[in-house]
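Enquirer: Predicted model, plus sequence, below.
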Amino acid sequence: MPSRSRALASDFGAERPYLLLNRAKTLEEAGQFEAAIVSLQEVLPLLGGAREPRLFWIARFNLLELLVGAGRHEEAETLLREVAELAPGFASRLDRLRLRWLDGRIAAGRGRIDRAIALLRQVRADFAREGISYDAALVSLELAALLAERRATAEVKALARHLVPVFRAQGVRREALAALALFRRAAEEEAVTPELARRLAEELRGSARPTATARSEIPA
């Protein structure tokens, strides 16, 4: 009969994947993307595709999101294909929508601006149709950055006019609302730069990062 210490060690070993998953989530929320990536890379071999197929997919989905957030777009592009291939078996409708969002962000990071704009326009419309206004507004900022590069000032203005009410309704910090007001003023004056839009999108994503359906199912 196993000793109590061996039984506890066995239980701890079984819990280790969940501990690493939650550690990765905590690190991401703290903005420590690289450390969160390491944590997820450690957990993937422990899950294995066959033993925990759904959780394995969740971890890879979250790793993909972290790679994009860290600007590691080449690695993310490779992983995107793998995650998307398995999505029909595990992804909800919103998971698939967020995969398209990540696809658009990767395209932008890889310099495929036309593809990125097309993807983000569609994703923004789909989020709005689902009533997920916060995510739609974040996509609007990412889209505005790309449109600013193309000097599409009329569309940037149209996007900017709807942002402050959305983020105010979500209760974002006063400083972020002030930055959004400055962004709208810059848009009206046709002075928005891609850097300004991207910086604001990162600030707002960090203040209340949207939660994917897959992420919500990680055990607490």
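Expert: Sure thing, it's come through. Computed from a prediction, not measured in an experiment: that's the story for all the values here.

Enquirer: can you map out the helices along the protein?
Expert: Per DSSP state H, the chain has helices spanning 4-29, 33-47, 53-69, 73-90, 93-109, 113-130, 133-149, 153-161, 163-169, 174-188, 194-207, 213-216. These are given in chain order.

Enquirer: Dump these to a markdown table, plus mean pLDDT.
Expert: Output for the helices of the chain, formatted as a markdown table (pLDDT from 0 to 100):
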| stretch | mean pLDDT |
| --- | --- |
| helix 4-29 | 64 |
| helix 33-47 | 89 |
| helix 53-69 | 91 |
| helix 73-90 | 93 |
| helix 93-109 | 96 |
| helix 113-130 | 96 |
| helix 133-149 | 94 |
| helix 153-161 | 93 |
| helix 163-169 | 87 |
| helix 174-188 | 90 |
| helix 194-207 | 85 |
| helix 213-216 | 39 |
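
Enquirer: Save the ones you listed as TSV, and put in mean neighbour count too.
Expert: Any C-beta I mention is one placed from the backbone N, CA and C, and that applies to glycine too. Formatted as TSV, the entries for those read as follows, by neighbours: other Cβ atoms under 10 Å:
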stretch	mean neighbour count
helix 4-29	14
helix 33-47	18
helix 53-69	22
helix 73-90	15
helix 93-109	20
helix 113-130	17
helix 133-149	23
helix 153-161	17
helix 163-169	17
helix 174-188	16
helix 194-207	17
helix 213-216	17
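
Enquirer: What residues does residue 115 make contact with?
Expert: When contacts are counted by Cβ atoms under 8 Å, 6 or more residues apart in numbering, residue 115 touches 104, 107.

Enquirer: can you tell me how far it sits from residue 109?
Expert: Using Cβ to Cβ, to the nearest Å, one gets 11 Å for the distance from residue 115 to residue 109.

Enquirer: most centrally placed residue in this structure?
Expert: For the chain, the residue whose C-alpha lies nearest the mean C-alpha position (Cα atoms, centre = their mean) is residue 65; its distance is 5.0 Å.
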